[in-house]
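[1] need the 3D shape of this:
(chains A, B, C and D)
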Amino acid sequence: MICVQKDDFNLGDEYQKLIADTNGEGAVVTFVGLVRDFNQDNSVHGLFLEHYPGMTEKLLLDIVMKAKLRWDLGKVSLIHRVGQLTLSEQIVFVGVTSKHRESAFQACQFIMDFLKNDAPFWKKEMTDKGQKWVEFNEQDKLAAKRW
Amino acid sequence: MICVQKDDFNLGDEYQKLIADTNGEGAVVTFVGLVRDFNQDNSVHGLFLEHYPGMTEKLLLDIVMKAKLRWDLGKVSLIHRVGQLTLSEQIVFVGVTSKHRESAFQACQFIMDFLKNDAPFWKKEMTDKGQKWVEFNEQDKLAAKRW
Amino acid sequence: MVKVLFFGQLKELLDCNETSVDIAEPATVDDIKNELKLRSERWANLLSNGPVLVAINHSMSMSSDQVNNGDEVAFFPPVTGG
Amino acid sequence: MVKVLFFGQLKELLDCNETSVDIAEPATVDDIKNELKLRSERWANLLSNGPVLVAINHSMSMSSDQVNNGDEVAFFPPVTGG
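    Next up is the predicted model:
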């Protein structure tokens, strides 16, 4: 299940959906990303996340399908929020079930790495001094390269 | 926070505790292990988990401290259930927050690998044919060796 | 006719999120870009300088890739993650 | 006196979860094991065959490690994870 939405999500609810009708999957790994202050001077109080509707969903589905081909997975859930977000709000959720914890961990990390690298999201930070588009992050590119 | 208990736990509640009073940690990784059927013939309907009270808590704390030395982490939570458990029940929870998702993923996996390898738990499977102690798992030993 | 979309900072700087371009097939992404650059000096600068990525029908593409009538072409800065 | 605990399948086979052994210091884990083996042929077999791990005061230890009066010594099969 892939969802790009403005609304917040609830980890407990998403987890319940993941473990419903399990088929022997004993490992559940979840990742939640929170809006954090990327700058050193603590001046960011929120961000606006723009995306390319249609392409985002396609890219996220591609990433999830790649993970499913690579590891023996049960269910995969991905929720990404867009629009206006304030500091410490939830921004992304990835949940993966698998028979093996190693596969669940790897696949969840793989999805996050490619999501950061490939998905058409553009981040604008709201700071005390005004709005500023976030620059391309070399670290995220490196994280995806290792797979 | 480390807990060895008979009672079940709630992922949503544990997550809320993890993200309360965050200090810039934007990454939250959780692992939940469910009781699954380890045998091929689907005959396991539950298990009994024995442990060495006192030593278990000490070992789990050791593992968490090692993880905290190795990665820059925010909070770490670990709950392990003991006693009688039925198929698909929750058995273990590990939750880690960090400023960086890479650290959160690695630390969570590290804790699970060492927990499987070092902690004094002994598993007895309840099958249609009776009870059987689980043999030592070579795979888990290998998983911990890579760190 | 090709539908053209802009995203991120590029959209803001161009002050335009959607437009369209008439093409004579066979045409490439570069042909569309050149057509857009004719609109103003500002557009010419913004579409020439800095890395501008392109997607045709939701797939990442290159400047030399072919574009057909009815396609959706999007220009945007490097993505900055979720 | 040393408190001795058993866990897992070993506990079940010995039909004993706790006992105690009097030692004359200096003593090692092996001395305690030998003392326990004297209790019956069954105990002797169970403590000799198969891998039997040992912990002194909650820390994994070896057969040659020293044990003092008041220590807690535990014998158990290889752990089988959480």
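[2] tell me where chain A is predicted with low confidence.
    Within chain A, the ranges that satisfy pLDDT under 70 run A:37-42.
[3] what about 80?
    A:22, A:37-43, A:136-143 (pLDDT under 80).
[4] now the strands for it?
    Applying DSSP state E to chain A gives strands spanning A:2-5, A:27-34, A:44-51, A:73-81, A:83-86, A:90-98, A:121-127, A:130-133.
[5] may I see the buried residues of the fourth one?
    Neighbour counts using 16 or more other Cβ atoms under 10 Å in any protein chain shown place A:73, A:74, A:75, A:76, A:77, A:78, A:79, A:80, A:81 of strand A:73-81 among the buried residues. (Each C-beta comes from the backbone N, C-alpha and C, glycine too.)
[6] would you check which pair of the residues you listed lies furthest apart?
    Maximum pairwise distance among the buried residues of strand A:73-81 (Cβ to Cβ): 24.3 Å, between A:74 and A:81.
[7] residue numbers of chain A in contact with chain B?
    Residues of chain A found near chain B (Cβ under 8 Å from any Cβ of the partner chain) are A:10-13, A:15, A:19, A:22, A:24-37, A:88, A:99, A:101-102, A:104-105, A:108-109, A:112, A:143.
[8] residue C:42: which element?
    helix C:41-48 (DSSP states H and E).
[9] what packs against the next helix or strand after that helix?
    Heading C-terminal from helix C:41-48, the first helix or strand you meet, by DSSP H and E, is strand C:53-56. Where contact means 3 or more Cβ pairs under 8 Å, 6 or more residues apart in numbering or on different chains; DSSP states H and E, strand C:53-56 is packed against strand C:59-61, strand C:72-76.
[10] closest residue of chain A to chain D?
    residue A:101 (10.9 Å; Cβ to the nearest Cβ).
[11] identify the bridge partners of the residue nearest to that residue when sequence neighbours are not counted.
    Closest residue to residue A:101 apart from its sequence neighbours, by Cβ to Cβ, 6 or more residues apart in numbering or on different chains: residue A:27 at 3.9 Å. For residue A:27, the beta-bridge partners under DSSP bridges are residue A:98, residue B:33.
[12] contacting residues for residue A:27?
    Counting by Cβ atoms under 8 Å, 6 or more residues apart in numbering or on different chains, residue A:27 touches A:97, A:98, A:99, A:100, A:101, A:103, A:104, A:105, B:31, B:32, B:33, B:34.
[13] which of those ranks first by neighbour count?
    Neighbour counts for the contacts of residue A:27, by other Cβ atoms under 10 Å in any protein chain shown, peak at residue A:104, which reaches 29 neighbours.
[14] touching, it and residue A:97? I think so.
    Yes: Residue A:104 is within contact range of residue A:97, at 6.4 Å (criterion: Cβ atoms under 8 Å).
[15] intersection of neighbour lists for the two?
    With contacts taken as Cβ under 8 Å, 6+ apart, residue A:104 and residue A:97 have A:27, A:28, A:73 as neighbours in common.
[16] for the last one, which non-adjacent residue is closest in space?
    To tie it back to what came earlier, the one meant is residue A:73. Closest residue in space to residue A:73, ignoring its immediate chain neighbours: residue A:98 at 5.0 Å, by Cβ to Cβ, 6+ apart.
[17] distance of the one you found relative to chain B?
    Going from residue A:98 to chain B by Cβ to the nearest Cβ, to the nearest Å gives 11 Å.
[18] hang on, that residue packs against residue A:104?
    Yes: counting by Cβ under 8 Å, residue A:98 touches residue A:104, with 4.0 Å between them.
[19] which residues are in contact with both of the two?
    In terms of Cβ under 8 Å, 6+ apart, residue A:98 and residue A:104 are both contacted by the residues A:27, A:29, A:71, A:73.
[20] the most centrally placed residue in chain A pairs with what?
    Residue closest to the average C-alpha location in chain A (Cα atoms, centre = their mean): residue A:92, at 4.0 Å. Residue A:92 has the following beta-bridge partners by DSSP bridges: residue A:33, residue A:80.
[21] for the nearest residue to residue C:72 once chain neighbours are set aside, give me its contacts.
    Nearest in space to residue C:72, with sequence neighbours left out and distances taken as Cβ to Cβ, 6+ apart, is residue C:3 at 4.7 Å. Counting by Cβ under 8 Å, 6+ apart, residue C:3 touches C:18, C:20, C:71, C:72, C:73.
[22] right, and residue C:48 touches residue C:37 too?
    Yes: at 6.9 Å, residue C:48 counts as touching residue C:37 under the criterion of Cβ under 8 Å.
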